[in-house]
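[1] Sequence plus the predicted model coming up.
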Amino acid sequence: MNFKDLQESWQAQPVNANVDSYKLSEQKSKWQIRQRKLLRSNIILSLGCLAAVITLTWLYISHNHEFGWPFKVSIGSLNLLMFIICLISWKSYAFKKENFEVSSIHFISYHIRKLNWQRNIIMKYIWVHTVLIWLALVMYTWSSHRTTTFKFTALAIITVYIFGITGWFWIKKLRKEVSKLNDLMADLEYMKEKLLENEDVENTF
């Protein structure tokens, strides 16, 4: 076989020919499971946020004439936060067609970005979102119970509940999710490196 035949034979191989087939299959399975789980949780989250927005809007329409601007600002802020959390959650979902059999660096980089976004939601945004919701609820409670002694008890309950639930959720579930995301990203980085190595070899011909 002369050099030209060898070059054509090499270039005719699929891009992922030298990528560990077992790791590729394993990664594909993990990603598909992750996608199904994320789709299901995003749908549930969206329905929950929709129910919250409907309830908050009803509260505003029913009682906006009874309270001042803090009440209006708190309701508006909560509705906006519901919309933002849905938007951010759906942004982490990969809508591009899954096609690991014809892997490319661009395709793998796209999924790495999505996984990194999911990790940032857990590591950063969820805490910011929790604080903002707490502030909006404090404003709402203070304005709606301004003439009662119950407001201090209500504020204490809201504070313990919101930060307690968030802390418990982090300990029980979110830390494990971050670990899974890190593993998935490490696998994708491995595949990306293998593809880059293949490209470097091809460029030598």
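    Yep, it's here.
[2] Retrieve the pLDDT associated with Met82.
    At Met82, the model reports a pLDDT of 91.
[3] so it sits right up against Ile54, yeah?
    No. Using Cβ atoms under 8 Å, Met82 makes no contact with Ile54, being 10.2 Å away. In short, each C-beta sits where N, CA and C put it, glycine included.
[4] Have a look at these two and say which one is more surrounded.
    Met82 (20 against 11; other Cβ atoms under 10 Å).
[5] what's the average pLDDT for the lengthiest helix in the chain?
    Ranked by number of residues, the top helix in the chain under DSSP state H is helix 21-63. The average pLDDT for helix 21-63 rounds to 83.
[6] now the helix or strand that it is followed by: how far from the chain's centre is it?
    The helix or strand immediately downstream of helix 21-63 is helix 69-91, counting by DSSP states H and E. Taking Cα atoms, centre = their mean, to the nearest Å, one finds the center of helix 69-91 at 17 Å from the center of the full chain.
[7] in helix 69-91, what's buried?
    Within helix 69-91, the residues that qualify as buried are 70-71, 74-75, 77-79, 81-82, 85-86, 89, counting by 16 or more other Cβ atoms under 10 Å.
[8] CA-only coordinates of that helix in PDB, if you can.
    Taking Å, rounded to 0.1, in the frame of the first residue of the first chain, the C-alpha atoms of helix 69-91 are listed here in PDB:
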ATOM      1  CA  TRP A  69     -46.200  49.600  47.300                       C
ATOM      2  CA  PRO A  70     -44.200  46.900  49.300                       C
ATOM      3  CA  PHE A  71     -47.000  44.500  48.700                       C
ATOM      4  CA  LYS A  72     -47.100  45.200  44.900                       C
ATOM      5  CA  VAL A  73     -43.300  45.000  44.600                       C
ATOM      6  CA  SER A  74     -43.100  41.700  46.500                       C
ATOM      7  CA  ILE A  75     -45.800  40.100  44.300                       C
ATOM      8  CA  GLY A  76     -44.100  41.400  41.200                       C
ATOM      9  CA  SER A  77     -40.700  40.200  42.300                       C
ATOM     10  CA  LEU A  78     -42.000  36.700  43.200                       C
ATOM     11  CA  ASN A  79     -43.600  36.400  39.700                       C
ATOM     12  CA  LEU A  80     -40.400  37.600  38.000                       C
ATOM     13  CA  LEU A  81     -38.300  35.100  40.100                       C
ATOM     14  CA  MET A  82     -40.600  32.300  39.000                       C
ATOM     15  CA  PHE A  83     -40.100  33.200  35.400                       C
ATOM     16  CA  ILE A  84     -36.300  33.500  35.700                       C
ATOM     17  CA  ILE A  85     -35.900  30.100  37.500                       C
ATOM     18  CA  CYS A  86     -37.800  28.400  34.700                       C
ATOM     19  CA  LEU A  87     -35.800  30.200  32.000                       C
ATOM     20  CA  ILE A  88     -32.500  29.300  33.600                       C
ATOM     21  CA  SER A  89     -33.500  25.700  34.100                       C
ATOM     22  CA  TRP A  90     -34.600  25.200  30.500                       C
ATOM     23  CA  LYS A  91     -31.400  26.900  29.300                       C
END
